[in-house]
Structures are given as structure tokens and as C-alpha cells.
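Enquirer: Quick one, what's the 3D model for this:
(one chain, ligands or ions: 2)
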Amino acid sequence: MSEYQVVHAKSPVFFDHYERKSDLQHQTHYCPGCGHGVAHKLIAEAIADLGVQDRTIFVCPVGCSVFAYYYLDVGSVQASHGRTPAVATGVKRARPESIVLAYQGDGDLAAIGTAEIVHAANRGEKITCFFINNAIYGMTGGQMAPTTLVGQTSTTSPWGRRPSNEGYPIHVCELLATLEAPVYIERVALSDNKNIMHARRAIRRAIENQVAGLGFSFVEILSPCPTIWKKDPVEARRWVGEEMIKHFPLGVMRDRKTAVPLTPVPQHPMAEVLEIENEPAAKPDGSHPRHVREVTVKAAGFGGQGVLLLGQLLAEMGMLAGLEVSWLPSYGPEMRSGSAHCHVCLSRERIGSPLVSHPEVLIAMNEISLRKFAPEVQAGGLILYNRDPLPENFELPPQVRAVCVPASDIADHIGSAKVANVVMLGALLSETECLPAETALAVLAHKVRNPAMLELNRRALEAGQRYDEREIHVSLSQPDGFAD
Ligand SMILES: Cc1ncc(C[n+]2csc(CCOP(=O)(O)OP(=O)(O)O)c2C)c(N)n1
Ligand code: SF4
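Expert: Ligands and ions are numbered 1, 2, ... in the order given. I've put the predicted structure just below:
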């Protein structure tokens, strides 16, 4: 009878099921013998043991480990290729109490994102970076990486890496160890059980440093990639131990118990930086100024029509009203007459994404924008069009209302074509009642310093609101898509 019991349990930091695939939800997408799976396991165990699951944010890279967020039950952010340390910097600075883990492959970290890792390390960001060095670009089929060994073949170096043509492999740990700020740098290997246990300690140490509020910690993990190396999992591990370690020696290259003292940068509240007075988020009874829960707007037109400014005005009004806001501009290289549009969200709750794919309100300052963006408007949504009537052969999307407000003509009449955007703002406020007009006046008074121009803006706002009340031309499409 056995005197001991083998217990096999998955770390609670892993999800119970991996929902990426409809079947085999207990399996990751990694190839058999891949180092990523082992590295995930060691990281998950360290997070669980240190009791920081609830405040960990994992920044996923582009590469084979792009789907790490399907496995680790922690906060996740997906960075674009090479940018993981930059994204981690932003997250850590915005949420200093969180434990931010950046994770990258060698193509991602040492080629595409060389600048990001060097500067994050040099700034001594209080983040933890894990660097999976498998000497190759795995996900894209085996191109040469900066870490590919001399003589190692790859799809882009079929003759074997030659220093005379491709340079020598980059030793990232040694490179970062020339910088002042990092507190911890170590290279480990997933080559055999002894080294894996060593990697486990290093990973834990690098996270512990962050829990203790120390600075930049970095662990390079030499890792097998059996598929691209065309070896079976056992051979691949052996190759890590026999070949990779020869070229990338293991060991601790930096270990400071305290961070290099850097003078902390004072952080100021956003309202102070923007020189605005922030009203309380809600009235004492918990209600907000208007009934708005969330309004999403896309404003589009030619460059020069003030659509980006219109979005900014709305966003600043939202801020004044204590709402969460976002403003995302999009424009071409032309300063004038190119197309421009912006996405605006006003919400009582935190905004997940500033991208407005299906706006409730489209402000179309020209026909091109109307035709381009109208199909995106949500059912029950509204289009404000800067002309009366709607163009011929234009079909409103199902259950969308269009209101024609010739804002440019009205602005000309007032005395400046420049205020057409504010006429539209007036019409928007009166149509949706999303925010009170006084908020618009307060924002305009803050933005427009010239008294004559401010007066024009005030009249434009009023004209937009009044026009909406009097001469409005409304078209309404039926659910089947036919305008009435
Ligand atoms: C800017 C950019 N360049 C190139 C690519 C294509 N790409 C996707 S993954 C990848 C290689 C990733 O290799 P590595 O970082 O070593 O990770 P591994 O897959 O080996 O884990 C490349 C080149 C991309 N998505 N974006
Ligand atoms: S290709 Fe290599 S790095 Fe990618 S999952 Fe397979 S073994 Fe892992």
C-alpha cells in the first residue's frame, strides 16, 4: 500500500475551462512540450501563492502566447506587437496598487519591441517582465529571431545564422544589466526538472519584488519550441540544456533589495491638469444631471468643419457633468478638406472602449460621411445631417431617424462658417437632451477666449437648439428599411 498520495491540481489562477475552443476545454492551444505552458503554470502558481490574483493584470503579447488571457483568471490587457512593457507602464502608473506582469516572446521583445523593453527597464518601471526566449519566431512559422543561435537554421536563415550577415544573438539580460534602474534580472531555463524548479523561484521572486514595491524585475526563460525546432518534446528540452544554455548562461545578473531611489513624479488629478472644475459625479440623491446612461456619438465631415472640436466639446461637457467620457479622433494626413471623424462616449459607467462602432447618434457634416457612416447607426438611433433635405437615393437604415439641420447655412447667416459645428451641438442637445445647454456654454466660455467669437458661438448654440424646435425636417425609416 502506498504511503503517499499523488495530488494533481490545477492552480486556482487558471480558469476551470478554456473557452477558446468549443471542445477540449481543458487543453491550451500550445504544442506538446512547449515552454509557454510550463511558464504559465509557474506564473499562475506564484500569483496564487502570493495571494495577488485579484489585483494582477497580465499584459499579453503578440506571438504564440497571444491567448494567455484564455487561461489566466486575472485582469488582462492585450498589447500590440512589442508594446507589452509600454502598456504595462501605463497600467501600473494608472493603478499602482495592481501587480502588472508583462509577458513576451523573443521576436516580440528583442526585435519588434526593443525600444519598449529597454526604456521601461531604464525608467525603472515597477513592473515584472517575463521574456520567453525560444530562439525563434514561433507563431509565424520559424523566422530568425534576434536570439537565434549562430549557425541555427530558420526559414529566413536556411544556411544557418551568420554573424557577418545577421549579427550575433542579442543577450537581453546582459544588455539590461548595463542600466542603473532595474532591481532584478535573472536568466533561467526550462530544460530539466532542476532548472524548472529554479525558474519557479525566479518567477516568484520577480513578482514578490513588485508586491514589495521594488522596481523593474526581469526574468528571461530559455524555453523549448519543439514544433519549429522539429524535435520531439524530450529532445527539445535537451537542446535547451545542451545548446541554448551554452550561449545564454544562466544566473542572476542584478539583485537589489531596494530600488534605486528615483524622485517620485507628482501626480495631479485630471481636472487640475485640464484646468477645469469637476462637478461631483452625481447629485446627493444619486441621480445625474440628465437621464443619460450612455450616449455614443460619431461626428464626421471634412477637415476644417470642426468635427473633432465638436467631439471635444461634448467630451468636456460630459466631464463637467461628472460623467465618464472618451474622445477618439480619426483623420487623414491632410490638414484641410481631408475626411475626419471622431468617436465620443458619455457614460455613467466606466467606458470599456473609446471605439464607437455603432453610434446612437451620427453627426454627418457632409454627404460622404452620411453615406459612409449611416449604416453603422444603431436601431433607434439618430442622424443629424448638415443639409436639408437628405440626398436623393439615400436610404435610411432600419429604425433610424434623421434630422436635417443645415448648420453650415445657419452659421453663415450668423456671421461665421466656423461655428457650424456648434449649431450642430445645439441641435444634438435639444434632440437628445443628453446634457444641459448651460454645460455647453460653460465649456465654450472656457475654450473660446475671444469675446466676439464667444458671442458667435453662443448664438450658434442657441440657433441649433431653436432650429431644432421650429423647422425640423425629420425622416423616419421603418423596421423594413423604407423611409416614410
Ligand atoms: C507589427 C507586427 N509585425 C509582425 C507581426 C507578425 N507576427 C506575429 S507573431 C510574430 C512572431 C512572434 O514571435 P515571438 O515573439 O518569438 O513569440 P513566439 O510565437 O515564439 O512565442 C510576428 C512576427 C505582427 N503581428 N505585428
Ligand atoms: S510553435 Fe513553438 S512556441 Fe509556439 S506553441 Fe508551438 S512549441 Fe510553443
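
Enquirer: Quick check: which ranges of the chain have low pLDDT?
Expert: Residue ranges of the chain with pLDDT under 70: 1-2, 259-265, 276-292, 333-337, 468-484.

Enquirer: can you pull the contacts of the residue of the stretch 251-400 of the chain at minimum distance from ligand 1?
Expert: Relative to ligand 1, the nearest point of the stretch 251-400 of the chain is residue 355 (19.3 Å; C-beta to the nearest ligand atom). The C-beta positions use only the backbone N, C-alpha and C, and glycine is treated the same way. Counting by C-beta atoms under 8 Å, 6 or more residues apart in numbering, residue 355 makes contact with 328, 343.

Enquirer: who touches residue 93 in this structure?
Expert: Contact analysis of residue 93 by C-beta under 8 Å, 6+ apart lists residue 125.

Enquirer: does the one helix or strand it maps to come close to ligand 1?
Expert: Residue 93 is part of helix 84-94 when elements are defined by DSSP states H and E. No. Using C-beta under 6 Å from any ligand atom, helix 84-94 stays clear of ligand 1, with a minimum separation of 10.0 Å.

Enquirer: for that helix, which positions count as buried?
Expert: Using 16 or more other C-beta atoms under 10 Å as the test for burial, helix 84-94 gives 84, 85, 86, 87, 88, 89, 91, 92.

Enquirer: Downstream of that helix, the next helix or strand is which one?
Expert: strand 99-105.

Enquirer: close to ligand 2, is whatever helix or strand comes next after that following strand?
Expert: Later in the chain than strand 99-105, the nearest helix or strand by DSSP H and E is helix 106-107. No. Figure legend: helix 106-107 not in contact with ligand 2 (C-beta under 6 Å from any ligand atom); closest approach 10.0 Å.

Enquirer: elements contacting helix 106-107?
Expert: Helix 106-107 sits against strand 128-133, with contacts defined as 3 or more C-beta pairs under 8 Å, 6 or more residues apart in numbering; DSSP states H and E.

Enquirer: so what secondary structure elements neighbour the strand it packs on?
Expert: If you count contacts as 3+ C-beta pairs under 8 Å, 6+ apart, strand 128-133 packs onto helix 35-50, helix 84-94, strand 99-105, helix 106-107, helix 114-123, helix 193-211, strand 217-222.

Enquirer: Pull the residues that contact the first one.
Expert: So that's helix 35-50. Identification of contacts with helix 35-50 by C-beta under 8 Å, 6+ apart yields 11-14, 28, 30, 53, 56, 64-65, 68, 71-72, 74, 99, 101, 103, 130, 132, 134, 190, 196, 199-200, 203-204, 207-208, 211, 221-225, 240.

Enquirer: And the buried ones among the residues you listed, selectable in PyMOL?
Expert: Typed into PyMOL, the line below selects the buried ones among those, using 16+ other C-beta under 10 Å:
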select buried, resi 11+13+14+28+30+53+56+64+65+68+71+72+74+99+101+103+130+132+134+190+196+199+200+203+204+207+208+221+222+223+224+225+240
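
Enquirer: Next, the residue of the stretch 251-400 of the chain closest to ligand 1: phi, psi?
Expert: phi -80, psi 130 (degrees, to the nearest 10).

Enquirer: quick one: it and residue 167, what's the gap?
Expert: 39 Å (C-beta to C-beta, to the nearest Å).

Enquirer: same deal with residue 174?
Expert: Look at residue 174 and residue 167: by C-beta to C-beta, they are 15 Å apart.

Enquirer: Give me the more crowded residue out of the two.
Expert: Taking other C-beta atoms under 10 Å, residue 174 and residue 167 do not tie; residue 174 has more neighbours (14 against 11).

Enquirer: ok, the closest residue to residue 47 other than its chain neighbours to ligand 2 distance?
Expert: Using C-beta to C-beta, 6 or more residues apart in numbering and skipping the chain neighbours, the partner closest in space to residue 47 is residue 13 (4.7 Å). Going from residue 13 to ligand 2 by C-beta to the nearest ligand atom, to the nearest Å gives 20 Å.

Enquirer: Renumber starting at 544 from here on
Expert: OK, 544 is where the count begins now, so the last one is residue 556.

Enquirer: sorry, back to before: for the buried residues of helix 627-637, which one is nearest ligand 2?
Expert: residue 627 (16.3 Å).

Enquirer: Enumerate every residue touching the spatially closest residue to that closest one that is not a sequence neighbour.
Expert: Closest residue to residue 627 in three dimensions, ignoring its sequence neighbours and counting by C-beta to C-beta, 6+ apart: residue 645, at 4.3 Å. Applying C-beta under 8 Å, 6+ apart to residue 645 gives the contacts 602, 604, 622, 627, 628, 630, 631, 663, 670, 671, 672, 673.

Enquirer: Contact residues of the stretch 644-793 of the chain facing ligand 2?
Expert: 677, 681, 682, 768, 769, 770, 771.

Enquirer: can we see that at 5 Å?
Expert: 681, 768, 770 (C-beta under 5 Å from any ligand atom).

Enquirer: Nearest to residue 846 among the residues you listed?
Expert: Among those, residue 681 lies closest to residue 846 (C-beta to C-beta), at 42.8 Å.

Enquirer: quick one: that closest one from residue 812, how far?
Expert: Counting by C-beta to C-beta, the separation of residue 681 from residue 812 is 44 Å.

Enquirer: closest point of the stretch 694-843 of the chain to ligand 2, which residue?
Expert: For the stretch 694-843 of the chain, C-beta to the nearest ligand atom, closest residue to ligand 2: residue 768, 3.3 Å.

Enquirer: ditto for the stretch 844-993 of the chain
Expert: For the stretch 844-993 of the chain and ligand 2, the shortest gap (C-beta to the nearest ligand atom) falls at residue 896, measuring 28.6 Å.

Enquirer: related to what we said a few turns ago, including distance to residue 578, could the buried residues of helix 627-637 go into TSV?
Expert: Compiled in TSV, the buried residues of helix 627-637 are given as follows (distance: C-beta to C-beta, whole Å):
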residue	distance to residue 578
627	17
628	20
629	24
630	23
631	21
632	26
634	25
635	26
